[in-house]
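Enquirer: need a structure here:
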Amino acid sequence: MYKFAIAFMTLFLAGCCCDPSYVPSYRRSSKILTYHLLEYCTYMVRESEEQAYREAGVENIWAVDDELIDKAYFYIAEHAPEDIIVVADDDIEDFRYLLSDVEPLGCDKETITAEIERIGQMLFDLHLGLAFIPPNCIPYNYTQEFSFKGVPGAVKWFNRNVFKAKLDEKVSENFDIDMVLQELLVNRVCLMPKYFYDKGLIDVNEGGNSDRVRQTQLASLTNMQAKWGKYFSYDSTKNKPRIEV
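Expert: So this is what the prediction gives:
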């Protein structure tokens, strides 16, 4: 396994507080996953569910008024106190390296956290607004360690002082792809490490957004195509969106 020689640095950057990793979670207190893979993180939950998450063993909790949470990623990016903010989905089962082969990291919290910190440091050093891991861990998709655009996966990094994307309610079901396109339009480049993936559950884990209405999804896709034209496409047979930039 190829090992990176770059020194890992914690994200105690100017203006940052001590816990820059956040996991938004909704109706999943009965199945805590991501929490067990990181050395530190804060779960952002609705106030009405705070006690359930505490009883499930989550210690660091940011409880937000139920009526104030819209899209959790944007809420965290706007309200968290740190300059570099990491947001991870709550249904990650494992992280993996992908170079010549797939290497699961299991419960190696130190390595996983160090990689997350390293990518955040790079985002800061490069003065970019957004970074994200890819959505799929497929060996034949690996072409290089880093790319600079793509469909985002389960972990995203925000550089508060550079990040410019805003939530567009008309495309809320595709907010993450819309977010990437906004950043490409304004900041020209995003950072996507292709060597570091997650293994998670997508819309099948209990809770979360698994009860989304199909018509809402279709309307969002229609609005995305109207908004971005040739720069966005969607293959309905494979359920696969693409950024064509």
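Enquirer: which residues touch the lengthiest strand in the chain?
Expert: Across the chain, the longest stretch assigned as strand under DSSP state E is strand 92-98. Outside strand 92-98, the residues within contact range by Cβ atoms under 8 Å, 6 or more residues apart in numbering are 1, 33-34, 37, 102-106, 112, 115, 137, 139, 142, 154-155, 194-201. All C-beta spots, glycine's among them, are computed from the backbone N, C-alpha and C.
Enquirer: Show the subsequent helix or strand relative to the longest helix anywhere in the chain.
Expert: Ranked by residue count under DSSP state H, the longest helix found in the chain is helix 109-125. Using DSSP states H and E, the next helix or strand after helix 109-125 towards the C-terminus is strand 130-132.
Enquirer: quick one: the strands in the protein?
Expert: For the chain, the strands defined by DSSP E cover 21-24, 42-46, 61-64, 84-88, 92-98, 102-104, 130-132, 146-147, 155-159, 192-193, 196-200, 232-235, 240-243.
Enquirer: How about the contacts made by Val23?
Expert: Here Val23 is in contact with Thr34, Tyr35, Cys41, Thr42, Tyr43, Met44, Val87, Ala88, Asp89, Asp90 (Cβ under 8 Å, 6+ apart).
Enquirer: Quickly list what it is bridged to.
Expert: Tyr43 (DSSP bridges).
Enquirer: confidence score at Lys238?
Expert: At Lys238, the predicted lDDT confidence score is 85.
Enquirer: what comes into contact with stretch 64-82?
Expert: 11, 13, 15-17, 20, 22, 24, 26, 44-48, 85, 87, 156, 158, 160, 163, 166-167, 172, 175-176, 179.
Enquirer: what comes up buried for that stretch?
Expert: Val64, Ile69, Lys71, Ala72, Tyr73, Phe74, Tyr75, Ile76, Ala77, Ala80, Glu82 (16 or more other Cβ atoms under 10 Å).
Enquirer: about what we covered before: so in that sheet, which strands flank the longest strand of the chain, and in what orientation?
Expert: strand 102-104 (antiparallel), strand 196-200 (antiparallel).
Enquirer: Tell me the buried residues in that strand?
Expert: Quick answer for strand 92-98 (16+ other Cβ under 10 Å): Ile92, Asp94, Phe95, Arg96, Tyr97, Leu98.
Enquirer: can you pull the pLDDT of the last one?
Expert: Yep, that's Leu98 we're talking about. We have a pLDDT of 86 for Leu98.
Enquirer: To what extent is Leu105 buried, counted in neighbours?
Expert: As a burial measure, Leu105 scores 19 neighbours (other Cβ atoms under 10 Å).
Enquirer: Between the contacts of Val23, which sits nearest Thr216?
Expert: Nearest to Thr216 among the contacts of Val23 is Asp89, at 19.6 Å by Cβ to Cβ.
Enquirer: separation between that closest one and Ser25?
Expert: 9 Å (Cβ to Cβ, to the nearest Å).
Enquirer: More neighbours: those two, which one.
Expert: Neighbours were counted for Asp89 and for Ser25 using other Cβ under 10 Å; Ser25 has more, 27 against 22.
Enquirer: No further queries at this time; thank you.
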